[in-house]
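1. Quick one: sequence and predicted model below, then my questions.
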Amino acid sequence: MYRRIAVLACVLALTGASPLALAAEEGPVSHGTAQAAAPAAAPAGPSLGLPSTGVEVSIRFYDKRLYYPESEIPIKVTISNKTSATWRFKLAEDRLYSLAFEARTPSNRALDPADVYKKALATTRPVFYREMAIEPGEEYSFVENLVRYVHLTDSGSYNLRVSFYPELVPAAPGARPQALPPIVSNVLILSVLPSLGLPPASELASLETGEILRPQAIPPDEVVERTIVARQKARWNEFFLYLDLEALLRRDEARKRSFDRESDEGRRRMVERYKADLQSTVVDTDIVTVPSSFEIIETRYSANTGLVRVIEKFDYRSFKMVKEYDYDLVRRDNIWYIEGYSVLNKGTE
């Protein structure tokens with residue numbers, strides 16, 4: 001059975017200018033084929049036709065798999081018309097202006113909106129949308145990436161749902177007073193595993209105090225200093241705190257090829273093996289060799305990348321080996337992590 005989807009592409013200007021006709025775009029559907037009709041005038045009566053009673057919005061995982069804070073999390077959103085008449089609504093071309101995702105912890109704390117979502121709603125640019133119609137018994141589906149809507153940085157379990165606004169999100173630029181209320185979806189349970197490259201917080205306890213160690217928003221040079229000092233004192237949990245293990249593992253081409261072929265669970269096992277090998281000084285011994293002394297001689301960084309240059313000295317029986325380390329850092333969620341390094345021998349003393 002084919003359904004008819006009438007499409008009128010419009011633009012909401014802040015001045016309330018007349019809509020502009022745009023080319024129609026097909027979207028994914030669950031029944032039949034979406035068909036674009038020629039631009040036409042809005043129907044008589046309410047701009048969106050029938051009230052939303054009997055119209056349902058549901059969400060599910062598009063490709064159920066293991067999710068991590070840095071993962072894309074595709075969510076399939078389905079709008080179903082269970083009324084006896086055609087239902088019309090507006091759908092923004094950038095669906096940030098049509099949806100509001102909400103994720104809550106088991107303690108009912110709501111996660112903050114993602115930066116891209118906040119910036120989108122704070123902009124003053126026009127919002128393009130299509131006016132659509134779904135016939136009785138039909139539905140319309142599309143897939144959205146959750147991380148565009150919700151600031152998700154920690155592992156854990158979250159209750160997820162979405163509100164669909166038939167007349168665009170109220171905060172969208174140029175949005176007019178809402179004639180229809182938002183339609184709230186079912187609740188989806190989202191489980192997020194600890195990051196592949198960073199050990200879970202529960203493993204990062206201080207051996208001295210037993211307190212959970214958490215990365216702090218400190219400058220790149222202090223990150224490097226704390227990491228080296230932790231190694232000097234054999235505090236492995238503190239040593240791993242600011243290391244991006246996945247990035248370090250991928251520096252070796254052979255390991256990188258094997259890593260890329262693995263599943264998410266296989267990659268997690270590889271990262272854990274790599275961490276154990278570092279602690280056993282089996283691989284990448286340059287970064288785990290203990291210096292007798294060190295001096296930070298240069299720090300350079302931009303918004304999200306940095307470099308810290310360090311002179312490190314290593315004691316041998318009758319001499320000291322002097323090496324220059326260049327540590328490459330990247331900033332994620334305001335935290336600096338070491339993702340690579342290079343070593344240059346500077347002679348002996």
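-> The structure has been received and is ready for your questions. Numbers count the residues shown, from 1 in each chain.

2. care to break the chain down by domain?
-> For the chain, the domain assignment from automatic domain parsing gives the residue ranges 8-192, 201-348.

3. just checking, which of these comes out with the lowest mean pLDDT?
-> Lowest mean pLDDT within these: domain 8-192, a mean of 76.

4. Please tabulate the domains of the chain in TSV and include mean neighbour count as additional columns.
-> (Each C-beta comes from the backbone N, C-alpha and C, glycine too.) Formatted as TSV, the domains of the chain follow (neighbours: other Cβ atoms under 10 Å):
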stretch	mean neighbour count
domain 8-192	16
domain 201-348	15
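
5. neighbouring contacts of stretch 218-237?
-> 203-207, 213, 238-239, 241-243, 279, 288, 290-291, 294, 296, 299, 301, 306-308, 310, 312, 327, 329, 336-338 (Cβ atoms under 8 Å, 6 or more residues apart in numbering).

6. center of this protein - which residue?
-> residue 147 (4.1 Å; Cα atoms, centre = their mean).

7. Tell me who's in contact with it.
-> Residue 147 neighbours (Cβ under 8 Å, 6+ apart): 71-73, 114.

8. Assign it to helix, strand or coil.
-> Judged by DSSP: H, G, I helix; E, B strand; the rest coil, the three-state class of residue 147 is helix.

9. From residue 313, how far off is it?
-> 44 Å (Cβ to Cβ, to the nearest Å).

10. next one: residue 294
-> 7 Å.

11. State the distance from residue 213 to residue 300.
-> For residue 213, the distance to residue 300 - Cβ to Cβ - is 27 Å.

12. oh sorry, the question was meant for residue 241
-> 22 Å.

13. What of residue 326?
-> Taking Cβ to Cβ, one finds residue 326 at 10 Å from residue 300.

14. list the contacts for residue 325?
-> By Cβ under 8 Å, 6+ apart, the neighbours of residue 325 are 286, 309-312, 341-343.

15. which one of the residues you listed is nearest residue 67?
-> residue 341 (29.8 Å; Cβ to Cβ).

16. Which of the three states applies to the closest one?
-> Going by three-state DSSP: residue 341 is strand.

17. Quick check: it vs residue 289, distance?
-> Distance from residue 341 to residue 289, by Cβ to Cβ: 12 Å.

18. where exactly do the strands run in the stretch 201-349 of the chain?
-> 293-301, 305-315, 320-332, 335-348 (DSSP state E, counting those that start in this stretch).

19. Ok, which of these comes nearest residue 83?
-> Each of these has some distance to residue 83 by Cβ to Cβ; the shortest is strand 320-332, at 45.9 Å.

20. which stretches of the stretch 151-300 of the chain form helices?
-> For the stretch 151-300 of the chain, helices defined by DSSP state H, counting those that start in this stretch occupy the ranges 220-232, 236-239, 245-249, 253-261, 264-279, 285-288.

21. For those, give me CSV that also has distance to residue 348.
-> As requested, those are exported to CSV (distance: least, Cβ to Cβ, whole Å):
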stretch, distance to residue 348
helix 220-232, 20
helix 236-239, 26
helix 245-249, 27
helix 253-261, 31
helix 264-279, 26
helix 285-288, 17
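
22. Minimum distance to residue 186: which of the ones you listed has it?
-> helix 264-279 (25.5 Å).

23. quick one on the thing from earlier: what do residue 326 and residue 300 both touch?
-> residue 307.

24. quick one: contacts for residue 154?
-> Contacts of residue 154 by Cβ under 8 Å, 6+ apart are 69, 192.

25. What's the separation between it and residue 85?
-> 45 Å.

26. Check residue 157 too.
-> 40 Å.

27. and of the strands of the stretch 201-349 of the chain, who's closest to residue 260?
-> Among the strands of the stretch 201-349 of the chain, strand 335-348 sits nearest to residue 260 (Cβ to Cβ), with 16.8 Å.

28. chain center to the closest one, what's the gap?
-> 28 Å (Cα atoms, centre = their mean, to the nearest Å).

29. what does that strand contact?
-> 198, 215-220, 223-224, 227, 242-244, 247-248, 251, 286-287, 301, 306, 311, 319-331.

30. now it against strand 305-315, angle please.
-> 40 degrees (axes from the mean of the first three to the mean of the last three Cα atoms, to 10 degrees).

31. now the angle from strand 335-348 to helix 220-232?
-> Using the same axes, to 10 degrees: strand 335-348 against helix 220-232 is 70 degrees.

32. can you redo the contacts of residue 325 as TSV with distance to residue 97?
-> TSV is the format used below for the contacts of residue 325 (distance: Cβ to Cβ, whole Å):
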residue	distance to residue 97
286	50
309	46
310	48
311	53
312	52
341	44
342	46
343	50
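
33. Closest one to residue 93 out of these, please.
-> Closest to residue 93, out of all of the contacts of residue 325 and judged by Cβ to Cβ, is residue 341, at 44.1 Å.

34. Dig out what the spatially closest residue to the closest one that is not a sequence neighbour forms beta bridges with.
-> Of all residues not flanking residue 341 in the chain, residue 327 sits nearest, at 4.9 Å (Cβ to Cβ, 6 or more residues apart in numbering). Here residue 327 sits in beta bridges with residue 308, residue 341, going by DSSP bridges.

35. For residue 327, give its distance to residue 312.
-> Distance of residue 327 to residue 312, given as Cβ to Cβ: 11 Å.

36. And for residue 287?
-> Distance from residue 287 to residue 312, by Cβ to Cβ: 11 Å.

37. Then residue 246?
-> 24 Å.

38. Quick check: residue 334 touching residue 217?
-> Yes - between residue 334 and residue 217 a contact is recorded at 4.7 Å, counting by Cβ atoms under 8 Å.
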